[in-house]
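Sequence plus predicted model, see below.
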Amino acid sequence: MAATSLPITLHHRLSPPPPPPPTTYIPPNKDRYFSNHPTLQLITQSSNPNQLKQIHAQMLRTGLFHDPFSASILVSAFALAPLQDLDYAHQLFDQIPQPNIYTWNALIRAYSSSQAPIQSLLIFTRMISRFDEVLLPNKFTFPFVIKAAAKLLDMKVGKVLHGMAVKMSFASDVFILNSLIHLYASCGCLDSAYRVFLNVPVRDVVSWNSMITGFAQGDRADDALNLFLEMQGEGLRPDEVTMLSVLTAKKLDLKVGKWVHSNIVRNGITGSLNLNNALVDMYVKCGSLKDAEKLFDKMPEKDIVSWTTMLVGYAKSGNYITARRHFESMPRQDIAAWNALISAYEQTGNPKEALAVFNELQMSNKAKPDSVTLVSVLSACAQVGAMDMGGWVHVYIKKHKIKLTCHLVTSLIDMYSKCGDLNKALEVFDSSGDNKDVFVWSAMISGLAMHGHGRDAIECFTKMQEAKIKPNGVTFTNLLCACSHTGLLQEGRDLFKKMEPVYGITPGVKHYACMVDMLGRAGHLEEAISLIKTMPMPPLASVYGALLGACKLHGNVAVAEQASARLLELEPWNHGAYVLLSNVYAKSGKWDKVANLRKRMKDVGLKKEPGCSSVEVNGIVHEFIVGDNTHSQSKLIYEKLIEVFEKLKSIGYEPNRSQVLQCVEEEDVQDHALHLHSEKLAIAFGLISLTKSQPIRVMKNLRVCGDCHNVAKLISKAYDREILLRDRYRFHHFHAGECSCKDYW
DNA sequence: ATAGGGTTAG
């Protein structure tokens, strides 16, 4: 025994002599007899596994361990102490010849709240299926095993346990019933949970809380609130857990949130750190920074969560300066704080800032990136098209052995797809094992779709079903998108028809927009229009945008005028509508209408979103806007462009005039406008700074114009280059004078 | 001698 340990020997010397082993002497009331034993008291005071192990040794020496009661105390100490050692507890348990129900319960309980709740059920099964001695579970056993089933989301086991409990006439035990409410609610069976709830003879506050939590987290915020009111109507006082449950309900608007807050004050449950944090979070999510700040400022106690919640509030609402100041004044900046900044930038369309903060984190070395950080960074890379950086993150994940969660796999697939390397995306997908969730599959389908591999996308969907993964609404958006890009009209129609009856997914506006796009693109404008008429919900701008895009493709002026009118009713600021309509006019030679439209745009003070293209060279993303001359190699770029056009003209290139107005930002330089489109600048820069073996990967924020599309095709042939161009809509892969979209875009 | 509900940030 180590000298530094607790003076157990000393303590023991002061205690009465050990009782004889129970084999020779069994006291009439053994539990009472041993319960005051000093060694047992020492167990309850001990919080250190090493101390407990010494006590174990001691008990073996003195024979105390042979007493079932004493052994049980020791097992539960190992099983339940804050510094628990479940393996040790289990081993101890196996050495007890006749464990009693208390001992069984202790182990079952410990495992039910552990990382391996399945053990809890296994031990339970062992207990009830022994041949030598029948030991029945008691009313304490059930809450433990039901909790284990709830953690495992195992309804089947849960139902069996429910049946057993009823058979053993525990059907009115409020503890067991409350556990069952929790079980059914966590398995998503809110109706079953509610049925149990209604059958509780005397509901206590935990019954109400369990049911309210079930509704709140099961997307039934209204039911949760109603139950909360009903509870108070029945004279039960809500406690802190009640309020936390109510606050976790999604879709709380500010009015209801404030009402909940006032309720907390009225019931005198204020002041707890947890509750205050939840309230700050609620105010942030409801978009009321003012209320969040007010509460944050007067909170008597704040922890890192309070600070981070507030930081998220500032960052997500675009108050970057305040966010930064708040960040600097935080007591410590852990990785969650960095994540709050990075993800806020990434999610509000500022991917470059997100990457800058990530770089700062790397340089400062103040916190270690975790999977949340990397997911945000990968998403920022995807937005910018920064594949070198994205690949670096991929290597980082491998090098630091960061667990490849489905979330990370999804982000990697998305990043490689959006940066133009579909093969890498497929590689990640194929090597990601059998635990692909619906997001991983959907990301892969989306990647195949944006690169124009419609058939492969549908095949991927077939495999997804073979893998028994249930598709969601996003899966179908991606699938329909794939059909649309590839012109798989019949396949798209079939999928759309099957959504509701076969897959139980109600088509949303996005799905209708995809269908309108698909039909319109294929020239079925009438069918697209009648589909819009049958939509059960009001069409959003995207639907008319799709129709307008189809009109541009097929030069239908009449429908285009209607579609753009409707589109501008919904979004008067939508410059895309003006651009597309002017393209339609230009295509049919109505130049007066084009001029008119331009004047109208000027009158409403609408400035077109500037076209912007970027190209990555050796890990640095170079951005170009139309007519850009700010680049350090601007002179070389323009010289290259002149050379390119000479060469292309010699092989028969003629500028496509109808595209002049695709980008209205070149108003002042109309004549040269086509030559100065940002994607052409980016391609020219790629030509002079990348080797022939490197594909030129250009990312554009808007749709590519017809002339640039044509030019890219010609360059790919004349210069024997691979050019990848991502526009707002899809990828174009230019090679040997052809484009992967087969001019269907 | 043992039980049930909430852990809020990314």
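Ah, there it is.

all strands of chain A, in order?
All strands of chain A, identified by DSSP state E, fall at A:612-617, A:620-625, A:696-700, A:723-726, A:731-735, A:738-739.

Over to residue A:536: give its phi and psi.
phi -70, psi -10 (degrees, to the nearest 10).

Need the per-residue pLDDT for the residue nearest to residue A:146 when sequence neighbours are not counted.
Spatially, and ignoring its direct neighbours in sequence, residue A:146 is nearest to residue A:179 (4.0 Å; CB to CB, 6 or more residues apart in numbering). For every residue, glycine as well, the C-beta is placed using N, CA and C. Looking at residue A:179, its pLDDT is 96.

circling back to that earlier point, want to try JSON lines for the strands of chain A, with mean neighbour count as columns?
What follows is the strands of chain A, written out as JSON lines (neighbours: other CB atoms under 10 Å):
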{"stretch": "strand A:612-617", "mean neighbour count": "23"}
{"stretch": "strand A:620-625", "mean neighbour count": "19"}
{"stretch": "strand A:696-700", "mean neighbour count": "26"}
{"stretch": "strand A:723-726", "mean neighbour count": "25"}
{"stretch": "strand A:731-735", "mean neighbour count": "23"}
{"stretch": "strand A:738-739", "mean neighbour count": "18"}
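
of all the ones you listed, which lies closest to DNA strand B?
strand A:620-625 (22.8 Å; CB to the nearest atom of the strand).

Now residue A:411: closest residue in space, sequence neighbours ignored.
Sequence neighbours aside, residue A:378 is the residue nearest to residue A:411 in space, at 3.9 Å (criterion: CB to CB, 6+ apart).

Neighbours of that neighbour, how many?
Per other CB atoms under 10 Å, the neighbour tally for residue A:378 reads 27.

Would you check how far apart the residue lying closest to residue A:368 once chain neighbours are set aside and residue A:411 are?
In this structure, residue A:368 finds its nearest non-sequential neighbour in residue A:335, 6.3 Å apart by CB to CB, 6+ apart. The gap separating residue A:335 from residue A:411 is 17 Å, by CB to CB, to the nearest Å.

these two touch, right, residue A:577 and residue A:569?
No - the pair residue A:577 and residue A:569 fails to qualify as a contact (CB atoms under 8 Å) at a distance of 10.1 Å.

okay, the residue in the stretch 451-600 of chain A that DNA strand B sits nearest to: pLDDT?
Nearest to DNA strand B, among the residues of the stretch 451-600 of chain A, is residue A:474, at 20.2 Å (CB to the nearest atom of the strand). Predicted confidence (pLDDT) for residue A:474: 94.

what does stretch A:255-270 rub up against?
For stretch A:255-270, contacts defined as CB atoms under 8 Å, 6 or more residues apart in numbering pick out A:225, A:237-240, A:243, A:246-247, A:252, A:275-276, A:279, A:282-283, A:286, A:288, A:291.

what does stretch A:76-93 give?
Counting by CB under 8 Å, 6+ apart, A:43-44, A:46-49, A:52-53, A:56, A:71, A:74-75, A:99, A:102-103, A:106-107, A:109-111, A:114, A:119 sit against stretch A:76-93.

Likewise for stretch A:425-443?
Taking CB under 8 Å, 6+ apart as the rule, stretch A:425-443 contacts A:394, A:404, A:406-407, A:409-410, A:412-414, A:416-417, A:444, A:447, A:460-461, A:464, A:467, A:469-472, A:474-475, A:478.

So which bits of it are buried?
A:425, A:426, A:428, A:429, A:432, A:436, A:438, A:439, A:440, A:441, A:442, A:443 (16 or more other CB atoms under 10 Å).

same question, stretch A:590-607
A:593, A:594, A:597, A:601, A:606.

Send me it as CSV with only the CA atoms.
Provided in CSV are the C-alpha atoms of stretch A:590-607 (Å, rounded to 0.1, in the frame of the first residue of the first chain):
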residue,chain,number,x,y,z
LYS,A,590,-35.5,44.6,-79.8
TRP,A,591,-32.8,47.0,-79.0
ASP,A,592,-35.2,49.9,-78.2
LYS,A,593,-36.7,47.8,-75.5
VAL,A,594,-33.3,47.0,-74.2
ALA,A,595,-32.5,50.7,-73.9
ASN,A,596,-35.8,51.3,-72.2
LEU,A,597,-35.1,48.7,-69.7
ARG,A,598,-31.8,50.1,-68.9
LYS,A,599,-33.3,53.5,-68.3
ARG,A,600,-36.0,51.9,-66.0
MET,A,601,-33.2,50.3,-64.0
LYS,A,602,-31.5,53.6,-63.7
ASP,A,603,-34.7,55.3,-62.6
VAL,A,604,-35.4,52.8,-59.8
GLY,A,605,-31.7,53.3,-58.8
LEU,A,606,-30.9,49.7,-59.3
LYS,A,607,-27.2,48.9,-59.6
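
For the longest helix seen in chain A, which helices and strands make contact with it?
Counting by DSSP state H, the longest helix found in chain A is helix A:634-650. If you count contacts as 3 or more CB pairs under 8 Å, 6 or more residues apart in numbering; DSSP states H and E, helix A:634-650 packs onto helix A:678-689, helix A:706-718.

would you turn those into TSV with mean pLDDT and mean neighbour count?
Output for the helices and strands packed on helix A:634-650, formatted as TSV (pLDDT from 0 to 100; neighbours: other CB atoms under 10 Å):
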stretch	mean pLDDT	mean neighbour count
helix A:678-689	93	24
helix A:706-718	90	21
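
Any idea which of these gets closest to residue A:551?
helix A:706-718 (14.9 Å; CB to CB).

what does that closest one rub up against?
Applying CB under 8 Å, 6+ apart, the contact partners of helix A:706-718 are A:644, A:647-648, A:651, A:653, A:655-656, A:658-659, A:662, A:674, A:677, A:679-680, A:683, A:687, A:704, A:721-723, A:725, A:732, A:734-739, A:743, A:745.

let's go with 6 Å and repeat that
A:647-648, A:653, A:655-656, A:659, A:674, A:677, A:679-680, A:723, A:734-737, A:739 (CB atoms under 6 Å, 6 or more residues apart in numbering).

just to revisit the earlier point, would you mind confirming that the residue nearest to residue A:146 is in contact with residue A:143?
Yes - using CB atoms under 6 Å, residue A:179 is in contact with residue A:143, at 4.4 Å.

And whichever residue of the stretch 351-500 of chain A sits closest to DNA strand B, how far from residue A:510?
As assessed by CB to the nearest atom of the strand, DNA strand B sits closest to residue A:372 within the stretch 351-500 of chain A, at 4.5 Å. Distance of residue A:372 to residue A:510, given as CB to CB: 27 Å.

same deal with residue A:601?
Residue A:601 is 28 Å from residue A:510, by CB to CB.

Also residue A:132?
63 Å.

how much space between residue A:464 and residue A:272?
Here the criterion is CB to CB. By it, residue A:464 lies 45 Å from residue A:272.
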